[in-house]
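Chemist: Starting from these lines, generate the structure:
(2 chains)
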Amino acid sequence: MAGASMKDIKLRIKSVQSTMQITKAMELVASSKLRRAKERAESTRPYFATLRQALEDIAQSNTDFSSPFVQPGEVGRACYVVIAGDRGLAGGYNNNLFKAVWEHMDGQDAAQRPCVLPIGKKAVELCQRRGMESLSDAYASVEALSLRDCFSIAKLLCEKFRQGAFDALYVGYTKFVSMLSQQPDVAKVLPIRHERQPSQKAQSLIEYEPGAAAVYNAIVPEYVGGVLWGAVAESLASELGARRTAMDAASKNAGEMIEDLSLKYNRARQGAITQEITEIVAGAEA
Amino acid sequence: MTFHLQIVTPDGGFYDGEAEKLIVRAKGGDVCILPRHAPYVTALGIGEATVVLPGDQRRRAACAGGMLSVTGEDVRLVATTFEWAEDIDKARAQKAEEKARRKIQDARDNVELEMAKAKLYRALTRQKAAQ
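Modeler: Next up, the predicted model:
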């Protein structure tokens, strides 16, 4: 009995060790990629903030201006851009995001079922499984998504928005709070809110060329593209952060398991030796 | 006299500091911003940009898409792409030009043609700015 169980334990240790090697390697890969992704996420923030500020300034200082992008429509349908990862093994990264998005969808009392634009393999797969209407399944890789892709997505979304396919655009992504903490979030992109604040000091008159509405309509697709690009950068950094944490925990667990199994193995070995000695002694006495 | 100029792109900030003059290609043509310009907003086209820094130091760049906003003493150039002339890879721009020219000939519909034309224009602008 002792021999067989010793062999079993040894096999187990070997398999845990090889798993640990994989999780360690994945952790290293994730942390080296994470640094770059984090820098990228941080470098997009000023662009995005400036663009948003400028749009709000225009919307606020103008009283007699109408753009399809500021008025809430009457279609009663929302569109979600869902940015998830390409693969799993990142702890609860994908699941947490989907949960946040579904909760947000359920919280809306929209007249029609929302449509989605999934980004990332996991998001594309899940939306297909759920049978949601998808605007495009072409963006199945977050890591390979370029700035140009973001702008073409934005163009597509703005066109659909103007045609009235949906009247609200949300983006579901994961905010990169720190190396250890990532927060799933659903942010509203369109229509752009503009709450007029009467208490503010008188706005200076801004000159628009060729016209306020024209400028606005030219800039909004850029803005949506910028938002997507920023959200993708944040999500990517979050995914790598989540994967690093998950893999770190997995490696630690594997280490603990190996320790535990080694102890069991040594005990079994000792038991076998003791038994042998007892048998020899008993034989000699006879 | 100078104004505060901020140039940002999705890839990060490019410039944040004082400038004497800024010339960019807007949708309707070139515009020049000098200190104490009236509040002004416009969408950008594809073209060369020139920034004159204090001390009459000129820097040229290729700039495409985005917007220019002037509010009080702050000038923000929010570009989709922005490259200083010295950072432009001339060989790559030339290749892009050839590729775009081929695409124009092979274009099957108007959308493809327009896209190829825009590509060609960008490539030419970059080459011009790099000279």
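
Chemist: A strand includes residue A:188, no?
Modeler: Yes: using DSSP: H, G, I helix; E, B strand; the rest coil, the assignment for residue A:188 is a strand.

Chemist: For it, give its distance to chain B.
Modeler: 20 Å (CB to the nearest CB, to the nearest Å). (C-beta placed from N, C-alpha, C; glycine too.)

Chemist: from memory that residue sits against residue A:224, does it?
Modeler: No: using CB atoms under 8 Å, residue A:188 is not in contact with residue A:224, being 11.7 Å away.

Chemist: Comparing the two, which shows the higher neighbour count?
Modeler: Legend: neighbour count by other CB atoms under 10 Å in any protein chain shown for residue A:188 and residue A:224, higher for residue A:224 (27 against 13).

Chemist: Just the pLDDT for the more buried one.
Modeler: Here the pLDDT value assigned to residue A:224 is 87.

Chemist: quick one: the host helix or strand of residue A:50 to chain centroid distance?
Modeler: Using DSSP states H and E, the element containing residue A:50 is helix A:2-61. Distance, stretch centre to chain centre, for helix A:2-61: 11 Å (CA atoms, centre = their mean, to the nearest Å).

Chemist: who does the following helix or strand past that helix touch, helix- and strand-wise?
Modeler: Sequence-wise, the next helix or strand downstream of helix A:2-61 (DSSP H and E) is strand A:78-83. Under the contact definition 3 or more CB pairs under 8 Å, 6 or more residues apart in numbering or on different chains; DSSP states H and E, strand A:78-83 sits against helix A:93-107, strand A:115-119, helix A:121-130, helix A:147-163, strand A:168-176, helix A:212-285.

Chemist: that older thread, would the helix holding residue A:50 count as contacting chain B?
Modeler: Yes: Helix A:2-61 reaches chain B (CB under 8 Å from any CB of the partner chain) through A:43-44, A:46-48, A:50-51, A:54, A:57-58.

Chemist: Give me the contact status of the longest strand anywhere in chain B with chain A.
Modeler: Taking DSSP state E as the criterion, chain B has its longest strand at strand B:57-71. Yes: using CB under 8 Å from any CB, strand B:57-71 reaches chain A at B:65-67, B:69, B:71.

Chemist: a markdown table please, covering the residues you listed and showing pLDDT and neighbour count.
Modeler: Listed next are the residues of strand B:57-71 next to chain A as a markdown table, based on pLDDT from 0 to 100; neighbours: other CB atoms under 10 Å in any protein chain shown:
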| residue | pLDDT | neighbour count |
| --- | --- | --- |
| B:65 | 83 | 22 |
| B:66 | 84 | 30 |
| B:67 | 85 | 26 |
| B:69 | 86 | 25 |
| B:71 | 79 | 18 |
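
Chemist: From residue A:69, how far off is residue A:162?
Modeler: 8 Å (CB to CB, to the nearest Å).

Chemist: same check, this time on residue A:87
Modeler: When distance is defined by CB to CB, residue A:87 is 35 Å away from residue A:69.

Chemist: was I right about residue A:191 contacting residue A:69?
Modeler: Yes: with contact defined as CB under 8 Å, residue A:191 reaches residue A:69; the gap is 5.7 Å.

Chemist: Compare the two (neighbour count), which wins?
Modeler: Set residue A:191 next to residue A:69 and count neighbours by other CB under 10 Å: residue A:69 wins out with 23 against 19.

Chemist: And the more buried one, its phi and psi?
Modeler: Main-chain dihedrals, residue A:69, degrees, to the nearest 10: phi -90, psi -10.

Chemist: Quick one: residues contacting it.
Modeler: By CB atoms under 8 Å, 6 or more residues apart in numbering or on different chains, the contact set of residue A:69 is A:158, A:161, A:190-192, A:216-217, A:220.

Chemist: Name the nearest residue to it, sequence neighbours excluded.
Modeler: Spatial nearest neighbour of residue A:69, excluding adjacent residues (CB to CB, 6 or more residues apart in numbering or on different chains): residue A:220 at 4.7 Å.

Chemist: That neighbour: neighbouring residues, count only.
Modeler: 24.

Chemist: Which segments of the chain make up each domain?
Modeler: Just so you know, I chose chain A. A:2-15+A:246-285, A:27-193+A:203-243 (automatic domain parsing).

Chemist: Sorry, I should have been clearer: chain B.
Modeler: If you go by automatic domain parsing, chain B breaks into B:3-86, B:89-130.

Chemist: Just name the most buried of the ones you listed.
Modeler: domain B:3-86 (a mean of 18; mean count of other CB atoms under 10 Å in any protein chain shown).

Chemist: can you give me the offset of that domain from its chain's centre?
Modeler: 8 Å.

Chemist: ends of it, how far apart?
Modeler: Length of domain B:3-86, first residue to last, CA to CA, to the nearest Å: 24 Å.

Chemist: before we move on, back to that, who does the helix holding residue A:50 touch, helix- and strand-wise?
Modeler: helix A:212-285, strand B:3-9, strand B:12-19, strand B:40-43, strand B:57-71, strand B:74-84.

Chemist: Specify the local secondary structure of the residue lying farthest from the centre of chain B.
Modeler: For chain B, the largest distance from the centre (CA atoms, centre = their mean) belongs to residue B:108, which lies 29.3 Å off. At residue B:108 the chain is in coil, as set by three-state DSSP.

Chemist: So for stretch A:21-36, what gets flagged as buried?
Modeler: A:23-24, A:26-27, A:30-31, A:33-34 (16 or more other CB atoms under 10 Å in any protein chain shown).

Chemist: Could you do stretch A:85-99 as well?
Modeler: So, applying 16+ other CB under 10 Å, buried residues of stretch A:85-99: A:85-86, A:89-91, A:93-94, A:96-98.

Chemist: quick revisit: out of the domains of chain A, deepest packed?
Modeler: Among these, highest average neighbours (mean count of other CB under 10 Å) belong to domain A:27-193+A:203-243, with a mean of 19.

Chemist: Quick check: chain neighbours aside, which residue is closest to the residue most central in space within chain B?
Modeler: Nearest to the geometric centre of chain B sits residue B:63, at 1.5 Å (CA atoms, centre = their mean). For residue B:63, ignoring the flanking residues on the chain, the nearest one in space by CB to CB, 6+ apart is residue B:49 at 4.0 Å.
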